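what shape does this take:
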Amino acid sequence: MIYVSIKRKNNFITGFTIQGHAGFNHSGPDIVCAAVSSLVQSTFLSLDKYLHLNLECELRAGFFELILKDMPTKESEAVLNTMLLGLDKIAEMYPLNVCIKNK
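Purely as a prediction, here's the structure:
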């Protein structure tokens, strides 16, 4: 199971934690894991390379955490909420593999 925890402050998303493994298939052909990974990596790249925000990140096997060190902006909210929309749809389609907390 992949667990997604969304961090908020004053109704703004300030970060997220993704942990676990989908277990939908073997590592490699696991489409659930690939979908979640793509969304999370695109979100990180958008916040870092496009918006140039100051981020704190931790990455290890089965774990990724991202915290905004800057104040949230309209742009960061758009990126993070777009990620959350995608994760919500994946969790809806694969409820045995993805669980989202603190929406």
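
C-alpha only now, for contacts and for neighbours.
Will do.

how about the residue of the chain most remote from its centre, secondary structure?
Distance from the centre of the chain peaks at residue 26, with 21.2 Å (C-alpha atoms, centre = their mean). Look at residue 26: counting by DSSP: H, G, I helix; E, B strand; the rest coil, its state is coil.

now do it against residue 96, distance only.
Using C-alpha to C-alpha, to the nearest Å, one gets 15 Å for the distance from residue 26 to residue 96.

cool, residue 86 as well?
16 Å.

do the same with residue 33
For residue 33, the distance to residue 96 - C-alpha to C-alpha - is 12 Å.

strands of this protein, start to end?
2-9, 12-20, 55-60, 63-68, 98-101 (DSSP state E).

just checking, what packs against the second one?
For strand 12-20, the helices and strands in contact under the criterion 3 or more C-alpha pairs under 8 Å, 6 or more residues apart in numbering; DSSP states H and E are strand 2-9, strand 63-68, helix 74-93.

could you rerun that using 10 Å?
Applying 3 or more C-alpha pairs under 10 Å, 6 or more residues apart in numbering; DSSP states H and E, one finds that strand 12-20 makes contact with strand 2-9, helix 31-45, strand 55-60, strand 63-68, helix 74-93, strand 98-101.

which other residues reach the last one?
The list of residues contacting strand 98-101 from outside it, by C-alpha atoms under 10 Å, 6 or more residues apart in numbering, reads 1-7, 17-24, 32-33, 36, 84, 87-92.
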